[in-house]
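Trainee: structure of the sequence below:
(one chain, ligands or ions: 2)
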Amino acid sequence: MSSLLEVKGLEASYGQSKVLNGLDFNLEQGGVTTILGANGAGKTTTLRAISGMVSLKGSIKLAGQELAGTRAADITRCGVAHVPEGRGTFVRLSAQENLTLGAYTRNDKAGIAEDMERVYSYFPILKQRRNQQAGTLSGGEAQMLAVGRALMLRPRLLLLDEPSFGLAPLIVAELFEILRRINAEEGVSMLLVEQNASLALDLADHAYLLETGSIVLSGTADSILENETVRRSYLGY
Ligand SMILES: Nc1ncnc2c1ncn2[C@@H]1O[C@H](COP(=O)(O)OP(=O)(O)O)[C@@H](O)[C@H]1O
Ligand SMILES: [Mg+2]
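Mentor: Numbers count the residues shown, from 1 in each chain. Ligands and ions are numbered 1, 2, ... in the order given. The predicted model follows:
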């Protein structure tokens, strides 16, 4: 398989403090890669770097095209959709208005309407809730809306920042099953950041372990699952 995303020597800082110390990682076309790591390791910063939201050094190539130095809005136009930590939906707008906003870079009306129906087929509850203010949705519904909104971009790459955070286990299982289908049926590549390692390794094909801004381990999800340190520190068995 060829690489969709190639990250080399990625560094990011907030003021004087460097939080990413030169990361190298790849994501295969059509693949799901996960970045695991404890709170504060730099997972969110890595995703924010890819979507152009923090100043950085190094190279981030999407299908060979350099994204470093590109404005966030233009990175979105390249097909990178970010489902941020805390979901980032517009709480005053309805679910459907949030989905419509997800397609703001597009002007193919028929395609947008088609994709709205596709999102509703993945998340039928959102269709029921389409006229409801996003701020009144349950945690699980709000996370589904955030994923649905990202899909409205028709992304090549979906960046997911702790989608399981704060959700009940049954809802998480449902959400991850839908992510699996979206990857399989739409071929959307995913970069998934999670503290819930067993969940992430179950969905992903490749994994990287991030510790205080450096990658300390990488491999197939299966090999990471077998790793003694990962088992002890992140899987708890
Ligand atoms: N806006 C910010 N300003 C200053 N420091 C930040 C900011 N955001 C994150 N950090 C720091 O950068 C480090 C990495 O944070 P983050 O990428 O959010 O980690 P993770 O998502 O893995 O929990 C942490 O030490 C955090 O305190
Ligand atoms: Mg984070």
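Trainee: CA atoms for contacts and neighbours, from now on please.
Mentor: Noted.
Trainee: near ligand 1, which residues of this structure?
Mentor: Listed as neighbours of ligand 1 in the chain under the rule CA under 6 Å from any ligand atom: 14, 19, 39-45.
Trainee: most neighbours among these, please name it.
Mentor: Greatest neighbour count in those, by other CA atoms under 10 Å, goes to Lys43: 28 neighbours.
Trainee: is it true that it touches Glu211?
Mentor: No. With contact defined as CA atoms under 8 Å, Lys43 does not reach Glu211; the gap is 9.3 Å.
Trainee: between these two, what contacts are shared?
Mentor: Residues touching both Lys43 and Glu211 (CA atoms under 8 Å, 6 or more residues apart in numbering): Gly37.
Trainee: which SSE is immediately downstream of the lengthiest helix in the chain?
Mentor: What stands out as the longest helix in the chain, according to DSSP state H, is helix 169-186. Next along the chain after helix 169-186, taking DSSP states H and E as the criterion, comes strand 189-194.
Trainee: report all helices and strands that that following strand contacts.
Mentor: In terms of contacts (3 or more CA pairs under 8 Å, 6 or more residues apart in numbering; DSSP states H and E), strand 189-194 is packed against strand 17-28, strand 32-36, strand 157-161, helix 197-203.
Trainee: give me the sheet partners of it and which way each runs.
Mentor: strand 32-36 (parallel), strand 157-161 (parallel) (DSSP bridges).
Trainee: show me the contacts for Gln132.
Mentor: Neighbouring residues of Gln132 by CA under 8 Å, 6+ apart: 94-95.
Trainee: turn the strands paired with strand 189-194 into a markdown table, columns for mean neighbour count and mean pLDDT.
Mentor: Converted to a markdown table, those look like this (neighbours: other CA atoms under 10 Å; pLDDT from 0 to 100):
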| stretch | mean neighbour count | mean pLDDT |
| --- | --- | --- |
| strand 32-36 | 27 | 97 |
| strand 157-161 | 25 | 98 |
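Trainee: now the ones you listed in TSV, with distance to Glu66?
Mentor: Shown next, in TSV, are these (distance: least, CA to CA, whole Å):
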stretch	distance to Glu66
strand 32-36	20
strand 157-161	15
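Trainee: from Leu151, how far out is Asn183?
Mentor: 11 Å (CA to CA, to the nearest Å).
Trainee: do Ser214 as well
Mentor: Ser214 is 30 Å from Leu151, by CA to CA.
Trainee: between these two, which has more neighbouring residues?
Mentor: Set Ser214 next to Leu151 and count neighbours by other CA under 10 Å: Leu151 wins out with 27 against 19.
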